[in-house]
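1. Just need the structure, nothing else, for what follows:
(chains A and B)
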Number of protein chains: 2
Amino acid sequence: MMSFRRFLHVKTVPKLYCNNVDTLKYSSSIPTHELLTKLNFVNHPKSGLVHWSPLGLTMVNKISDIIRQRMDEIDFEELSLSLLSHNSVWRKSGRWDHSSELFKLKGEEYLLVPTAEEEIVTYVTNNITSYKNLPLLYYQINPKFRNEKRPRGGLLRGKEFVMKDAYSFDSNEENAMKTYHNVVGAYVKIFEDLRLPYTKAEADSGDIGGSLSHEWHYIDETGEDTVYTCDSCGSVSNVEKTLSYPESTDENIPIEVSVRYFTTEDKSTLICAYYPTERNLEPKFVKNEVPDLDLDEVDQDKILKEFSNEDTLISKKIIRIMDSRLHSRANFPDFPITFINRSLITTFTDIPIVSAVENEICGKCEEGQLHSQRAIEIGHTFFLGDKYTKPLECSIDFPVNDKGQVERRNLIMGCYGIGVSRIIASIAEINKDSKGLNWPQIVAPWTVTVVEAKESKDFAKFYAELNQNAVDYRLDNRPKVGLGKKIYQSALVGIPLVVILGKKYPIIEIEVRGKRYSDNLAWKELYESKDFEWKYDTDEQGNDIKHYVHQDGFVQVIKALLKDM
Amino acid sequence: MMSFRRFLHVKTVPKLYCNNVDTLKYSSSIPTHELLTKLNFVNHPKSGLVHWSPLGLTMVNKISDIIRQRMDEIDFEELSLSLLSHNSVWRKSGRWDHSSELFKLKGEEYLLVPTAEEEIVTYVTNNITSYKNLPLLYYQINPKFRNEKRPRGGLLRGKEFVMKDAYSFDSNEENAMKTYHNVVGAYVKIFEDLRLPYTKAEADSGDIGGSLSHEWHYIDETGEDTVYTCDSCGSVSNVEKTLSYPESTDENIPIEVSVRYFTTEDKSTLICAYYPTERNLEPKFVKNEVPDLDLDEVDQDKILKEFSNEDTLISKKIIRIMDSRLHSRANFPDFPITFINRSLITTFTDIPIVSAVENEICGKCEEGQLHSQRAIEIGHTFFLGDKYTKPLECSIDFPVNDKGQVERRNLIMGCYGIGVSRIIASIAEINKDSKGLNWPQIVAPWTVTVVEAKESKDFAKFYAELNQNAVDYRLDNRPKVGLGKKIYQSALVGIPLVVILGKKYPIIEIEVRGKRYSDNLAWKELYESKDFEWKYDTDEQGNDIKHYVHQDGFVQVIKALLKDM
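-> Purely as a prediction, here's the structure:
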């Protein structure tokens, strides 16, 4: 009986498909990462490490192909950089000693790349021969590494993850901004393709640096990021970037005040940041006011000691910054330094320097109220300028006139990430329902599970048609597993459709599992013009739950059903 | 003019295509790895590290897809294991301390996987639930790492390389051997698909271990391996596995003799291996005779000291092994130990324990002469037995009768590698000619370079047809690069065909570059039945070098020409 199946290359479910599922009592409260492990999409040999099983690897490949298509459309070229990088370029960029999450190899000669700015800049420097080569636009989809001390959530925060990272090199800021916006456009398409509801938030550039960046999130209560949306101007930003004013200030309510000290890079100025004790000071907001603030120097005693020597104090300056939430009757701490000349002190008042909380006033429009949501970051776009091209000396001669005079300039760079591993966890989380996982057809491990209620040579024609029409099906041919269990498990794994070949063949039953992402259902249109046998059942809400289609039309019906899923 | 090209998604050459070539004076004596770098297939940021440029990455993907197809055909499933592995499993297998080429991470908690036996065994142990799951057959294609101290030849021996590694788990030795032979069958197909002339040689199992293994080589004078072929029985083996007898022994020719000492694992026996001083002793051959020989103990003084204590000597044994090349009149060194009881000494004579040299007698058939060739290893197949499943406790209950009695047995394993990076270097090396690289069409970065001798909107139809027929072409649209140079560089990069769109359009010129791998040319058959305009030029040997084909038939002609390349 297997002969025609082997002859026709009938595709079957993976060998260990649902092998461990009998011990799983499904409930929608099972954490998504446990479900992904139990159903063998992934295995975690150690916390933070990932083995992609056949089921999960298929999804990595499908998502990667969607990203490829959209990046190719905006003329980015795919390459694949070494996963190892030598310390020399990281020392030049200054990141070798500044990031605690680098995975360095024994001997500290190499590291495992977390992102590839250093290497791609060196690559471009070595290969560019003329400004006419610009723009240079590259991306890669491959593993990245981060020495994450507390891995969590399976695929959400691991030591190893699959990432699409893209890099752009332009001749000037204007062209670089055009590229940045092209990438933003591609990202919108990618997340739409993936049926992933996203939020694009202004973000802090963090370790990577640069002057403009956006985080791409999907909103989910299990998320570890917080984003604020203004109900007036609509701006969305990461909490680390959200400036806010108090909802109201009542001078009659006493406020306990704390202070944190900073210095400038050149140690010439003491900055005293005053803020409500019960709130969270955001040092980057202080740096907004004093651009040459040294964020790395946090030792309070050391800073104050620098400013307590009366001999040198005369050449130093002092800036006091008062958070917007403070008023004159607030309970300020004593000033730690004895001064002779009070004219050395500058005071800024009404500056937002603490993290926003729910309902505070938007720091942008100064009108709307801010509302917070938990979110998971799935992408990041950075405008980097010359942050990497300057220290790594990635420059080229540009003509300044027709006489052959040239000017050497650094290339202007952007970088753009999408977390592929994370996207799988995110899509799983969003679409999970009372029956199990539920994948959009574009990323599902396969789109149609076939089960046979009896054995018959007649089915050969059915499989031949599936193969000819490139339907992404798998036959569940596990011996001694009942029909009901096969259908139940296909739903649990999240496959959009189940096809049952039974006694009514050539009438084929199709059970609908996948979520509909559109109201205007393609199959209804097809139903109107059908020229083959086709009936269907609906549930109480009128939704189609099962179709009975003659072999002559089933491929058309399957394609129409999948179109909206 | 670009409008119709963008509209039709006309595919163009990569941005930095031949960017550095003007400084390259091509000659076939340029080492292949220099050519691959200069033409920007790969970049080496440091010796042993590899950046795959768009040109090279395309080839990695094409070769990977060929391997996938052939592995899928024999029911292996693709997965992707973590590139990091925790030391715990490596300590259990005994490989953590035994291999100097492991890339360990700072802190020595993790390493970068060179091969994945430990992890796949753990994966199977964690996921198998019944002997009925067997066989379990997996492969992956991803980066591997080796802390290579002396990287060489660009892609030939690097710190990082792309490898297909496959692993099989069977219920017993008989089934495992069937699987082994299935893989051998798939390898033959893969190397034939790749037009890669190969030699399958009996091999030593090296660090990976196991009882049977074959190396898959291609013969090339730049190779770093040596294989011997017997001119009588035809057996092929790696030098580390080639047993040999002397061509002749003449007792009148004096032989200088050296000795190397070994002990058994339990230190009960001293082994003295005597061999001609001018030859290379192969300790593994000595171990063939004394299976419990300790290969790790090499300190000669320490070994002798163990056997020079007269009190304990009485309980020890001594084995002398004489290489086949020695005769009784050879000049033996003094025996280092004073003995009381000479009956403790056993002597084996006429044992092959040195590496073979050209023209010696085959140790297998004892008739033919051995002939050596330099070779490059491109694949390896190992029958591992329970070498890994035993220490890592990968076992399952098997029924022994109908009464439900079971017996717990270790799974029987095989592993199978193919070096993808190496294959690219090998194919380049074999096919390189007086015009440059020359790729078989199945792996070429693309198969047809299109150049335009003039601009014309009429060409839209031509590109539309290329796209519709999925021809793997690229338009060389570099501005200010002459037609001749474009054709020359396409040949240099090794693209099989160049198509020239010129003044004679809709007559299209096709220049033949690719090597023919068959005498029975498909295009000649098509030519007989053509119903469109088609002429061609031949060279002095009668080979077709240029075709002039009407637009109506050019896709058919291109496909027919490529078929034999």
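
2. buried stuff in the longest strand anywhere in chain A?
-> When chain A is parsed with DSSP state E, its longest strand is strand A:370-385. Neighbour counts using 16 or more other C-beta atoms under 10 Å in any protein chain shown place A:370, A:372-373, A:375-385 of strand A:370-385 among the buried residues. From N, CA and C alone the C-beta is placed, and that goes for glycine too.

3. first vs last residue of stretch A:438-455, how far apart are they?
-> 29 Å (C-alpha to C-alpha, to the nearest Å).

4. What residues of it count as buried?
-> A:438-452.

5. do stretch A:57-69 as well
-> The neighbour-count check on stretch A:57-69 (16+ other C-beta under 10 Å) flags A:57-60, A:62-64, A:66-67 as buried.

6. and the residues you listed as TSV, adding secondary structure and pLDDT?
-> Output for the buried residues of stretch A:57-69, formatted as TSV (DSSP: H, G, I helix; E, B strand; the rest coil; pLDDT from 0 to 100):
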residue	secondary structure	pLDDT
A:L57	helix	98
A:T58	helix	97
A:M59	helix	98
A:V60	helix	98
A:K62	helix	98
A:I63	helix	98
A:S64	helix	98
A:I66	helix	98
A:I67	helix	98
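
7. so which of those also contact chain B?
-> Subset of the buried residues of stretch A:57-69 in contact with chain B: A:57, A:60, counting by C-beta under 8 Å from any C-beta of the partner chain.

8. Would you mind checking which of the buried residues of stretch A:57-69 is nearest to B:L326?
-> Proximity of the buried residues of stretch A:57-69 to B:L326 (C-beta to C-beta) peaks at A:L57, which lies at 56.8 Å.

9. Check what pLDDT the closest residue to A:D433 other than its chain neighbours gets.
-> Of all residues not flanking A:D433 in the chain, A:S28 sits nearest, at 6.5 Å (C-beta to C-beta, 6 or more residues apart in numbering or on different chains). At A:S28, the predicted lDDT confidence score is 83.

10. So A:S28: helix, strand or coil?
-> coil (DSSP: H, G, I helix; E, B strand; the rest coil).

11. ok, so what distance separates it from chain B?
-> Distance of A:S28 to chain B, computed by C-beta to the nearest C-beta, to the nearest Å: 24 Å.

12. Please apply the same query to A:E174.
-> 20 Å.

13. swap in A:L134?
-> In terms of C-beta to the nearest C-beta, A:L134 sits 9 Å off from chain B.

14. What is the nearest of the buried residues of stretch A:438-455 to chain B?
-> A:P445 (12.2 Å; C-beta to the nearest C-beta).

15. what's the neighbour count on the residue nearest to A:Y548 when sequence neighbours are not counted?
-> In space, and not counting its chain neighbours, A:Y548 is closest to A:K535: 4.7 Å by C-beta to C-beta, 6+ apart. Number of residues near A:K535 (other C-beta atoms under 10 Å in any protein chain shown) recorded here: 11.

16. next one: A:E148
-> 16.

17. confidence score at the residue in the stretch 351-500 of chain A that chain B sits nearest to?
-> Proximity of the stretch 351-500 of chain A to chain B (C-beta to the nearest C-beta) peaks at A:P479, 8.1 Å away. Here, the pLDDT recorded for A:P479 equals 91.

18. Same check on the one 4 residues further on?
-> The model reports A:L483 with a pLDDT of 95.

19. isn't it right next to A:V450, touching?
-> No - with contacts defined as C-beta atoms under 8 Å, A:L483 does not count as touching A:V450, sitting 11.6 Å away.

20. which intervals of the stretch 301-450 of chain A have sub-threshold pLDDT?
-> For the stretch 301-450 of chain A, the stretches with pLDDT under 70 are A:338-343.

21. near chain B, which residues of it?
-> Counting by C-beta under 8 Å from any C-beta, no residue of the stretch 301-450 of chain A sits close to chain B.

22. Helices along the stretch 301-450 of chain A, start to end?
-> A:310-313, A:420-431 (DSSP state H, counting those that start in this stretch).

23. Also the stretch 101-250 of chain A?
-> Going by DSSP H, counting those that start in this stretch, the stretch 101-250 of chain A shows helices at A:117-127, A:173-193.

24. Check which helices and strands the longest one sits against.
-> Judged by 3 or more C-beta pairs under 8 Å, 6 or more residues apart in numbering or on different chains; DSSP states H and E, helix A:173-193 is in contact with helix A:54-73, strand A:160-170, strand A:212-219, strand A:370-385, strand A:412-419.

25. can you tell which of the ones you listed is closest to B:E247?
-> Taking C-beta to C-beta, helix A:54-73 is the member of those nearest to B:E247, at 54.0 Å.

26. Please save the CA atoms from that closest one in PDB.
-> Extracted in PDB, the C-alpha atoms of helix A:54-73 (Å, rounded to 0.1, in the frame of the first residue of the first chain):
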ATOM      1  CA  PRO A  54      12.000  20.100  11.600                       C
ATOM      2  CA  LEU A  55       8.700  21.800  12.500                       C
ATOM      3  CA  GLY A  56      10.400  25.000  13.700                       C
ATOM      4  CA  LEU A  57      13.100  25.100  11.100                       C
ATOM      5  CA  THR A  58      10.400  25.100   8.400                       C
ATOM      6  CA  MET A  59       8.900  28.200  10.000                       C
ATOM      7  CA  VAL A  60      12.300  29.900  10.300                       C
ATOM      8  CA  ASN A  61      12.800  29.400   6.500                       C
ATOM      9  CA  LYS A  62       9.300  30.600   5.600                       C
ATOM     10  CA  ILE A  63       9.700  33.800   7.600                       C
ATOM     11  CA  SER A  64      13.200  34.300   6.200                       C
ATOM     12  CA  ASP A  65      11.900  34.000   2.700                       C
ATOM     13  CA  ILE A  66       9.200  36.700   3.300                       C
ATOM     14  CA  ILE A  67      11.900  39.000   4.700                       C
ATOM     15  CA  ARG A  68      14.200  38.200   1.700                       C
ATOM     16  CA  GLN A  69      11.500  39.100  -0.700                       C
ATOM     17  CA  ARG A  70      10.800  42.500   0.900                       C
ATOM     18  CA  MET A  71      14.500  43.400   1.300                       C
ATOM     19  CA  ASP A  72      15.200  42.400  -2.300                       C
ATOM     20  CA  GLU A  73      12.400  44.700  -3.500                       C
END
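
27. For it, which outside residues touch it?
-> A:14, A:17, A:36, A:39-42, A:52, A:78, A:139, A:141, A:162, A:164, A:166, A:186-187, A:189-190, A:193-194, A:418, A:420-421, A:423-424, A:439, A:442-446, A:493, B:77-80 (C-beta atoms under 8 Å, 6 or more residues apart in numbering or on different chains).

28. Let's see that with 6 Å instead.
-> Applying C-beta atoms under 6 Å, 6 or more residues apart in numbering or on different chains, the external contacts of helix A:54-73 come out as A:14, A:40-42, A:52, A:139, A:141, A:162, A:164, A:186, A:189-190, A:193, A:420, A:423-424, A:443, A:445, B:77, B:79-80.
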